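> Sequence first, then the predicted structure:
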Amino acid sequence: MASPKTTVEKLVTGFTSRKPMRSTSLIITVFGDVISCHGGVIWLGSLVKAMSLMGINDRLVRTSVFRLVKEDWLCAERVGRRSYYRFTAYGENEYQRAASRIYGEPKNPWNGRWQLLLVRDIEEPVIREKVRRSLQWQGFRSISPGVFAKPESGGISVMQTLEEFGVKDQVIPMEASTFEGTSKNLLSSIVAEHWHLEDVADRYKIFLRRFDEINSLLDSGIRFSMADAFVVRVLLIHDLRRAILQDIRLPDEILPVEWPGRAAEKLAANIYQKVGRESVEYIRSELEADKGLMGQVSSEFVNRFKGAF
């Protein structure tokens, strides 16, 4: 069995060799998973230090941060010669909408109902793209021109989205349900097509293969160093986040029996729990915020993955 150091180096090499590498997306993961539960602010120098553990150099970090500021994910504050960064309201909202799926919020039994959105053309390209991205995160898919659908009822989140982007008057939210006797095969086929279940399943299978060795090491009782635990935690959540990007955690009633997302969630929770404490020690001893070293971890962290801690 390989050593923890060798296994982590292999994980980092695998990430940096991807085309494209998506360093901006990795930084979003760091802000959402790490910085948000340690006060929400980080010094740029500490961000550079943390990202270097995952093979991202100073120049690429600065370029990525600049891009994220321009795209309204991050905002900066200058104090003396230092720059500090945090999520914008938009960045925070977008990550929090994804957090329930990332950290395994329990599913409710499906009531057989659907949310529908009838959308008029949104003229402003930037707003249109933000709305589209946000709706996708919430699980909506376009099933025909101008019509978005999502299983499950309850529209609090989507109404907040429409109000946030000022498009409430251009979208008609509706609820619907299938009639009794509807072909389950046809329904499964439509869901598989529009929610790209085969592609999503492949993402989960890659995720499981990528972290299987680390999971085995941790299950054998081997401890990781603080820095290695931090790297494993960040890349674990990053890859899980990328895997669920196209997965809305559909109701079990319309998913295949052997759905790999269930195994991926179980593996992620196990690894996260086993590297969590060491990763927090690294964060609190090595990374700086606007008032010194990162502070105590919030209760949000403790409650992730159904209270794994």
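Looks like it arrived, so ask away.

> Could you use CA atoms for every contact and neighbour count after this?
OK.

> show me the residues around Thr161 that make contact.
Applying C-alpha atoms under 8 Å, 6 or more residues apart in numbering to Thr161 gives the contacts Val131, Ser134, Leu135.

> how about TSV for those, with secondary structure, neighbour count and pLDDT added?
As requested, the contacts of Thr161 are exported to TSV (DSSP: H, G, I helix; E, B strand; the rest coil; neighbours: other C-alpha atoms under 10 Å; pLDDT from 0 to 100):
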residue	secondary structure	neighbour count	pLDDT
Val131	helix	20	86
Ser134	helix	19	84
Leu135	helix	21	86
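
> Show me which of the residues you listed is closest to Ile42.
Ser134 (25.5 Å; C-alpha to C-alpha).

> now stretch 95-111, how far from the centre of its chain.
11 Å (C-alpha atoms, centre = their mean, to the nearest Å).

> ugh, wrong one, stretch 297-305
Relative to its chain's centre, stretch 297-305 lies at 15 Å (C-alpha atoms, centre = their mean).

> what do you get for stretch 83-98?
12 Å.

> any idea where the strands of the stretch 51-200 of the chain begin and end?
Remark: strands assigned in the stretch 51-200 of the chain by DSSP state E, counting those that start in this stretch are 74-79, 82-87, 113-119, 141-144, 147-151, 171-177.

> Given the fifth one, what are its sheet partners and their directions?
Strand 147-151 has these partner strands in its sheet, going by DSSP bridges: strand 113-119 (antiparallel), strand 141-144 (antiparallel).

> Now do it, average pLDDT.
What strand 147-151 shows for mean pLDDT is 90.

> With only the CA atoms kept, save that strand in CSV.
Extracted C-alpha coordinates of strand 147-151, given in CSV (Å, rounded to 0.1, in the frame of the first residue of the first chain):
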residue,chain,number,x,y,z
VAL,A,147,-39.8,25.5,-20.5
PHE,A,148,-37.7,24.4,-17.5
ALA,A,149,-38.7,21.4,-15.3
LYS,A,150,-37.6,19.9,-12.0
PRO,A,151,-39.0,17.1,-9.9
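
> Buried residues, it. List them.
Of all the residues in strand 147-151, those buried under the rule 16 or more other C-alpha atoms under 10 Å are Val147, Phe148, Ala149, Lys150, Pro151.

> where along this structure do the helices fall?
4-16, 23-33, 44-52, 58-70, 89-102, 125-137, 156-164, 184-194, 197-219, 226-244, 260-286, 299-302, 304-307 (DSSP state H).

> got those helices as JSON lines, with distance to Val119 columns?
Below are these laid out as JSON lines (distance: least, C-alpha to C-alpha, whole Å):
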{"stretch": "helix 4-16", "distance to Val119": "38"}
{"stretch": "helix 23-33", "distance to Val119": "28"}
{"stretch": "helix 44-52", "distance to Val119": "40"}
{"stretch": "helix 58-70", "distance to Val119": "27"}
{"stretch": "helix 89-102", "distance to Val119": "21"}
{"stretch": "helix 125-137", "distance to Val119": "11"}
{"stretch": "helix 156-164", "distance to Val119": "11"}
{"stretch": "helix 184-194", "distance to Val119": "17"}
{"stretch": "helix 197-219", "distance to Val119": "24"}
{"stretch": "helix 226-244", "distance to Val119": "25"}
{"stretch": "helix 260-286", "distance to Val119": "30"}
{"stretch": "helix 299-302", "distance to Val119": "35"}
{"stretch": "helix 304-307", "distance to Val119": "34"}
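
> Output the strands paired with strand 147-151 as TSV; include the columns mean pLDDT, mean neighbour count and distance to Ile283.
Listed next are the strands paired with strand 147-151 as TSV, based on pLDDT from 0 to 100; neighbours: other C-alpha atoms under 10 Å; distance: least, C-alpha to C-alpha, whole Å:
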stretch	mean pLDDT	mean neighbour count	distance to Ile283
strand 113-119	91	18	41
strand 141-144	89	16	38
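
> If anything else comes up later, I'll come back, but that's it for now.
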